[in-house]
Each structure stands twice: as C-alpha cells, then as structure tokens.
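Next comes the sequence, and after it the predicted model I'd like to discuss.
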Amino acid sequence: MKLPRSLSASAFLVNESRARRVDISQDRFANLWVTDETRTLWDEFAADVYPFDAIELGLRNRFFLETLQSFVRSVERPVCINIAAGFTSYPFLIEEPCRWVEADLEPVVSLKEQQVNQWMAQGLLPKRILEFVAVDLQRSMSRRLLFRRLQELIGDAPSFILLEGITYYLKLRSLHALLSGCGRIQQPGSLLACDFWDASLAKNRTFQRLTTFFSSRFGFDASQYLFLDPARFHQLAEYEVVEMTDIQSLEKRFLHSDILRDSNAIIPEHYVVLRRRP
Ligand SMILES: C[S@@+](CC[C@H](N)C(=O)[O-])C[C@H]1O[C@@H](n2cnc3c(N)ncnc32)[C@H](O)[C@@H]1O
C-alpha cells in the first residue's frame, strides 16, 4: 500500500497509533492498514517526537467513535460524513444502520475504496455500504462539488460531519468555507465534530519536534499549520458548541490516569462538537 510522499502518508502513521492501543481506540481494524514500513516509521516518530501518540490517537478515536455512536442511536436515517477520513474505521465499528460517506484526496479514496471492498469480500471487514468522494479541500471548485453531492445525500436527514486530523493542515479561508458549506447543507440539530490546535502549541517543544519530523518525512512546511482560538467556535453563525474538551480531559474520562499531564511532552489537542442551529 503506497501513497505519494505527502501529508496523506501520515494517515498510515495514525493507524499504527490506533492499532497499538486497541484497548483505548477500540479500532480493531486499524492494523489492516499497517505495513512493516509504517511500523518502522512509527518507531522513528516515537523516538524523535514523543512516545505518547498511541495514547493520544487512541483517545481521540474513542471520543469520536462514542460521539458518532450515540448520534447514530439517537436519530432515524442518520447520515455520517467523514471528511479527510484517511484510513479510519468508523463505519465498520458501528453496527446500527447508517448511511456512510467518506471524502479525502483522490489517491486516498481510490486506495481505500479498493482495499475495503476487497477486505469486505474476504470477510476481514463487516459488510457496509460506503460512498467515497474525492475532494481537495483547499480548492473552492472541488469543495463546491463535494457540497453538491453531500446535499443530495443528506436531503432532510440528520447528519454528523467529522473533520478529524485536518483543521490544522488547511488554510484559514478553506476551513471557513468548509464550515459554512457544512452549515448550509446540514439540517438543524445535526452535528459536526473536529479536533484543532491552538496558538500556544507554537511554543510547545513536542510540537517543534513534530514539525521537524513532518517537514523531513512528508515535506510539510511548518509555517503552514493553522492554529485556532477556541473562542472562534463560540462565534460561528451556523453552529452552537455542544462540547469542547481536550486530550488531558479525555485521558481522565476514559483511562482515569494522568500520563499526559505534562503539556510540553504531548501534543495538547482540543476537540469540539457543534450542533447546527435552528
Ligand atoms: C493526519 S491524516 C488524518 C486522517 C483521519 N481523519 C484520521 O484521523 O486518521 C490527514 C488526512 O487529511 C487528508 N488531507 C490532507 N489535505 C487534504 C486536502 N487538501 N483535501 C482533502 N483531504 C486532505 C489526507 O489525505 C489525510 O487522509
């Protein structure tokens, strides 16, 4: 399994993190995507950047999985849309009927569609109906095509849009356009969840090592990371904040421990769940 040396390749790395701590992530299919090459890359990442990625990614996955699960259980005809889905496994981890849509860059969706179809046929993944949509979120025409398709799929149904592991890679204007586009197509009461980084991260020593690693391995320029003020989410016209939390709170909630207590030794991510206003 190969992708061009780019940010998309980082989607394999996060799968190894989820696969290392299935007890936390609950993602029992993450390992399907992991090759020896990714395991070696993960070991180098742990040595060069920080050793806690399996805990952080496990907690992040657990939080979004449980949030998705309770949404799917609480409404009829749910539509769940994962934008920049990478190689996450949510459709296969949730039993209840749901319409699943995944969007990402074209090479990622092509590879994922082909692999999951093969693994479902082989019985390695439970059978699900998924629709894949190729999109480049940094391009307005591409976003427009995505929204047109999502609007057709959502119609008047309740929807959940997940933006995981993507906000900090987008230009601010792309993120604004993405959020307001989602606001236009979602019905009142529908949810949107994402993770984000705030500006205090710039001084964080683990983050500084991460930018060096990502720049050398994936060619991503450190000056391009987007930081968001948490207050920004309270000012959105289309959405109200249902929950805002962070990685240390998730550790207390799910693990009842404080391994991640030193903010300088981790990537202190934030998480927000938004509800479409009436
Ligand atoms: C760090 S991975 C996160 C993947 C997945 N959501 C997860 O949490 O494991 C970032 C994802 O964003 C996608 N991505 C990066 N830039 C993108 C863009 N301009 N348009 C669409 N997807 C993009 C990558 O292909 C990759 O799948």
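Received the coordinates, thanks.

quick one, what contacts T67?
Neighbour list for T67: L191, A193, V273 [criterion: C-beta atoms under 8 Å, 6 or more residues apart in numbering]. For every residue, glycine as well, the C-beta is placed using N, CA and C.

The stretch 51-200 of the chain: helices as residue ranges?
Remark: helices assigned in the stretch 51-200 of the chain by DSSP state H, counting those that start in this stretch are 53-74, 90-93, 106-121, 140-154, 172-185.

Out of the contacts of T67, which comes closest to L179?
Proximity of these to L179 (C-beta to C-beta) peaks at A193, which lies at 12.0 Å.

Look at the closest one and say how many residues are nearby.
Here the number of neighbours of A193 (other C-beta atoms under 10 Å) works out to 20.

ok, how many other residues are close to R261?
Residues near R261, counting by other C-beta under 10 Å, number 11.

burial count for Q187?
As a burial measure, Q187 scores 14 neighbours (other C-beta under 10 Å).

that older thread, go through the helices of the stretch 51-200 of the chain and name the closest to R20.
Smallest distance to R20 across these (C-beta to C-beta): 3.9 Å, for helix 53-74.

can you pull the buried residues of the closest one?
For helix 53-74, the neighbour count (16 or more other C-beta atoms under 10 Å) marks 53-65, 67-69, 71-72 as buried.

ditto for stretch 170-180
For stretch 170-180, a neighbour-count test (16+ other C-beta under 10 Å) marks L170, S174, L175, A177, L178, L179 as buried.

could you dump those to CSV with pLDDT and distance to the ligand?
Below are those laid out as CSV (pLDDT from 0 to 100; distance: C-beta to the nearest ligand atom, whole Å):
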residue, pLDDT, distance to the ligand
L170, 96, 7
S174, 97, 7
L175, 97, 11
A177, 97, 12
L178, 98, 9
L179, 97, 15
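
Closest one of the residues you listed to R21?
R21 lies nearest to L170 out of these, by C-beta to C-beta, at 27.4 Å.

Report the contact partners of the closest one.
L170 makes contacts with L137, Q138, L178, L226, as judged by C-beta under 8 Å, 6+ apart.

Using neighbour counts, give me the buried entries of those residues.
By neighbour count, with 16+ other C-beta under 10 Å, the contacts of L170 hold L137, Q138, L178 as buried.

ok, for the first one, nearest residue in space, not its chain neighbours?
Leaving aside its sequence neighbours, L137 sits nearest to S174 (C-beta to C-beta, 6 or more residues apart in numbering; 5.6 Å).

same question, K171
The spatially closest residue to K171, leaving aside those adjacent along the chain, is Q138, at 6.2 Å (C-beta to C-beta, 6+ apart).
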